[in-house]
Structure formats: C-alpha cells, structure tokens
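> Attaching a predicted model along with its sequence, questions to come.
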Amino acid sequence: MHLVRDARARRYVLRVNDDGSLRLTLPRWGSLGAARRFARAERAWIERERARLLRMTQPPMAAADRAGLRRRAERELPARLRQLAVRHGFTVGRITIRDQRSRWGSCSPNGSISLNWRLVLMPDHVRDYVLLHELAHLRVPNHSRRFWRLMSELCPAWQEARCWLRDGRPLRA
C-alpha cells in the first residue's frame, strides 16, 4: 500500500490502481495508524474493486478477435439501445461505443450515451440493464430514490443484473 499525505485532503481516500495495488491518501491531520485501520475496514470493498478490475481488463484475445467484437458492438449495441428507447418512450441522441476501463456506460447532460464495447460479452439481461440504466439517466440524472423507482419499472430484475456486474455472478448463485 502506497501512503500519500495531501494537505488539501479532507478525509482518507483509498484507491485501487489498475495493477491492483493500493493508494491511500491521508489528510494532513491523519495518522498512519488510523489510515491502516481505515484500509483494514475497507478490505471487502478492496477485494470487490480488484475483482471488478479483473473483469474490466481487456480480455486475453487476439487483436483480430478484439476488433471483431468491437465491430459487433458498434453494430448491435446502438440498435438494441434504440429498440429499448422506443419501447420505453425515450428519445436518444448520439450513441458512441468506447473502450472504457472503469465504466459500462455513461449518459452526458446533453443526452449522449456512451457504451463500453465489452457489453457484447455480457449475458443479455445484464447488457439490457446497463442500456436501460443509461436511458433512465435521460429522465433522472442521478442515483436518487426516484431513479431506482424508474429502474424498477424499466427493468424489474435490475438488482440481479447489478449484482452480476459487481460480483461477476448471478444474485442467486
């Protein structure tokens, strides 16, 4: 674990780097003992983040296979997003397919939706959850109770899909 003291920090901040190592930022008033206790208390979160990083890293495949999956994503994901948008009464602006390292999708304030090409590797219900999640942000731009109520209407099994994304397995495994 790499400890860094930052005079501007207001709290302890723990990050899992791309290589799985840890960086713990301490505020100027923080102690090393309290920092280590904080990191120990966050052990479950650290393990979840490391598992997420493993799932998000580029799959070990030939460049041609990867390029083929990317082309498939560019063909399939926008079509499926538009299909879900029409079914649920959303108007979608620009759709981009990206090679994001830490996100499955995002929705900008102007209504543009970006999707991770790796969604084509997901089970259909998980992929649709991510697409519906981004569509829901067109109406509710945050993760408030109102947002999750809307998600329950759009995708009744959203919790199972979200668990799959977080843990890499179904909710009821």
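Yes, it's here.

> On the three-state scheme, the residue lying farthest from the centre of the chain is what?
Distance from the centre of the chain peaks at Trp29, with 32.5 Å (Cα atoms, centre = their mean). For Trp29, the assignment made with DSSP: H, G, I helix; E, B strand; the rest coil gives coil.

> Repeat that for Pro141.
From three-state DSSP, the assignment for Pro141 is coil.

> Now do the contacts for it.
For Pro141, the contact set (Cβ atoms under 8 Å, 6 or more residues apart in numbering) comprises 107, 109. C-beta coordinates here come from the backbone N, C-alpha and C atoms, glycine included.

> ok, back up a step: from Arg101, how far out is the residue farthest from the centre of the chain?
Separation of Trp29 from Arg101 (Cβ to Cβ, to the nearest Å): 33 Å.

> re the thing from before, so how far is Arg15 from the residue farthest from the centre of the chain?
From Trp29 over to Arg15 (counting by Cβ to Cβ), the distance is 20 Å.

> again with Pro123
Here Pro123 is placed at a distance of 29 Å from Arg15 (Cβ to Cβ).

> Following the chain past the worst-scoring helix or strand of the chain on mean pLDDT, name the next helix or strand.
Ranking every helix and strand in the chain by mean pLDDT, DSSP states H and E puts helix 43-56 at the bottom, with a mean of 77. Next helix or strand after helix 43-56 toward the C-terminus (DSSP states H and E): helix 63-88.

> Noted, bye for now.
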